[in-house]
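Visitor: sequence? don't have it. structure:
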């Protein structure tokens, strides 16, 4: 969104030691398909008095969706938490409450029930929201900091698969308690998966708990988290967000500490008042956040293994005989130049997956070529679902498609040799 009706000027968080978790988390998660709040740090003066560093953030409301998707303001419904109405008219929350009741009364192991749920909520959006909150270790979730929205229409149309299909979609906001559960510390081992599936949270966790009863959804959920750890959630991505945010704060952080006496090494207000201002605590926070970035993937992989009773992790290396002939898709990831990855070269590519949870690999030929075979003799078709129990190299072989005939759909019947003059189009 390039134009805004309103912006939020926000301090470092709901308490001073939360700074700058929300800024980093929102920046980090914006590579996902879910909406997150863009932000920019600024220096605030109130009647000429220095007020320190605060952050301008997008406000995700009906104005935002009008600007972003051209959705009429009266047709945007936003709910919070377990289905409380945030924007809309009374009664707009009923469809989500009905969905919660449907989860309670019906098993998602039944295909028709699962299919119905897919008409009511964008499962990809929901899964990525859950994965993002789990990875960042938000301790003020799932019983808080949950927001989702839909476009009001009489009948949902999942075939559109976009923001106008009427299904519920999730967005990220308020990540003050990310990076380990609360603002007082940073804990890479915080187990958000347990919280996300805890029956004690009732309606807040009911959708995920119900969906995990469906075996295919469970496989896809685990694989999507693994995919994200191998791409969007790579440590270098989080480190980049931490360093970028720190770079914005660093030139001004000493003056901010001098004004507010925070971040502070002191543990109580009296000691903080007499403490000599410094950036010692700020630097310690940045260091701890970087440690979180380096450790989090390994910690959460082990938590997934424990919760889902998975045997081990394995390295899956993918390669192709010629990068000009085709590429490979693994689960939700297309292995191509657009994928977030650690290496400059696209192939060979290596990701970490779970033994005990089958992965899906698909060889995709470019125009003029066709799939020939895999290096694994037992696999002869271009799309394969298999469990990988040890470190494995999988190579797709492509060959020239001699029967290929190029089809051109673009026809140019007018060419303007010079752009110094205008010629009226005879058709319009």
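Guide: Cool, the structure landed. Small disclaimer: the values here were computed from a predicted structure and weren't measured.
Visitor: Can you show me the helices along the stretch 151-300 of the chain?
Guide: Ranges of helices in the stretch 151-300 of the chain, per DSSP state H, counting those that start in this stretch, are 192-196, 206-211, 215-229, 235-260, 269-274, 280-307.
Visitor: wait, which of those is closest to residue 342?
Guide: Closest to residue 342 of these, according to CB to CB: helix 235-260, at 6.6 Å. C-beta coordinates here come from the backbone N, C-alpha and C atoms, glycine included.
Visitor: By mean pLDDT, flag the weakest helix or strand of this structure.
Guide: Using mean pLDDT, DSSP states H and E, the weakest-scoring helix or strand in the chain turns out to be helix 269-274, at a mean of 88.
Visitor: Show the low-confidence segments of this structure, by residue range.
Guide: Along the chain, segments meeting pLDDT under 70 span 409-428.
Visitor: buried ones in the least confident helix or strand of the chain?
Guide: Of all the residues in helix 269-274, those buried under the rule 16 or more other CB atoms under 10 Å are residue 272.
Visitor: got the contact list for that helix?
Guide: Outside helix 269-274, the residues within contact range by CB atoms under 8 Å, 6 or more residues apart in numbering are 261-262, 264, 266.
Visitor: What about residue 344, how many residues nearby?
Guide: Counted with other CB atoms under 10 Å, residues neighbouring residue 344 total 5.
Visitor: In three-state terms, label it for me.
Guide: Following DSSP: H, G, I helix; E, B strand; the rest coil, residue 344 is assigned to coil.
Visitor: which pair in the contacts of helix 269-274 spans the largest distance?
Guide: Largest separation among the contacts of helix 269-274 by CB to CB: 262 and 266, giving 9.2 Å.
Visitor: which one of the contacts of helix 269-274 sits closest to residue 151?
Guide: residue 262 (41.8 Å).
Visitor: show me what contacts that closest one?
Guide: 16-17, 19, 272, 281.
Visitor: again, 6 Å this time
Guide: Residues in contact with residue 262, defined by CB atoms under 6 Å, 6 or more residues apart in numbering, are residue 16.
Visitor: do you know how far it is from residue 279?
Guide: As defined by CB to CB, to the nearest Å, residue 262 lies at a distance of 11 Å from residue 279.
Visitor: how far does stretch 148-162 stretch from start to finish?
Guide: 15 Å (CA to CA, to the nearest Å).
Visitor: Could you list the buried residues of that stretch?
Guide: Of the residues in stretch 148-162, those buried (16+ other CB under 10 Å) are 148-151, 156.
Visitor: go on, stretch 182-193?
Guide: In terms of neighbour count (16+ other CB under 10 Å), stretch 182-193 has its buried residues at 182-183, 186-188, 190-193.
Visitor: can you give me how far it is from the chain middle?
Guide: Distance, stretch centre to chain centre, for stretch 182-193: 19 Å (CA atoms, centre = their mean, to the nearest Å).
Visitor: now do stretch 147-155
Guide: Centroid displacement of stretch 147-155 relative to its chain, using CA atoms, centre = their mean, is 20 Å.
Visitor: And for stretch 175-184?
Guide: 18 Å.
Visitor: cool, and stretch 165-180?
Guide: Worked out by CA atoms, centre = their mean, stretch 165-180 lies 9 Å from the chain centre.
Visitor: Also stretch 390-405?
Guide: 31 Å.
Visitor: what does that stretch contact?
Guide: Looking at stretch 390-405 with CB under 6 Å, 6+ apart, the contacting residues turn out to be 314-321, 325-326, 328, 363, 365, 368-373, 375.
Visitor: which non-adjacent residue is nearest residue 222?
Guide: Computed as CB to CB, 6 or more residues apart in numbering, the closest residue to residue 222 that is not its neighbour in sequence is residue 357, at 4.8 Å.
Visitor: wait, is that neighbour part of a helix?
Guide: No: Residue 357 sits outside any helix when classified using three-state DSSP, being coil.
Visitor: That one - how many residues pack around it?
Guide: Using other CB under 10 Å, residue 357 is surrounded by 21 other residues.
Visitor: Ok, the one 10 residues further on next?
Guide: The number of residues packed around residue 367, counting by other CB under 10 Å, is 10.
Visitor: re earlier: how about the backbone phi and psi for the residue nearest to residue 222?
Guide: Torsion angles at residue 357 (phi, psi; degrees, to the nearest 10) stand at phi -130, psi 110.
Visitor: quick one: it and residue 224 touch, right?
Guide: No: with contact defined as CB atoms under 6 Å, residue 357 and residue 224 do not form a contacting pair (10.9 Å).
Visitor: distance of residue 209 from residue 171?
Guide: Separation of residue 209 from residue 171 (CB to CB): 21 Å.
Visitor: again with residue 78
Guide: 9 Å.
Visitor: In contact with residue 114: list those residues for me.
Guide: The contact partners of residue 114, by CB under 6 Å, 6+ apart, come to 108, 214.
Visitor: Check which helix or strand it maps to.
Guide: In the assignment (DSSP states H and E), residue 114 maps to helix 111-120.
Visitor: now that helix against helix 215-229, angle please.
Guide: Angle, helix 111-120 to helix 215-229, by axes from the mean of the first three to the mean of the last three CA atoms, to 10 degrees: 40 degrees.
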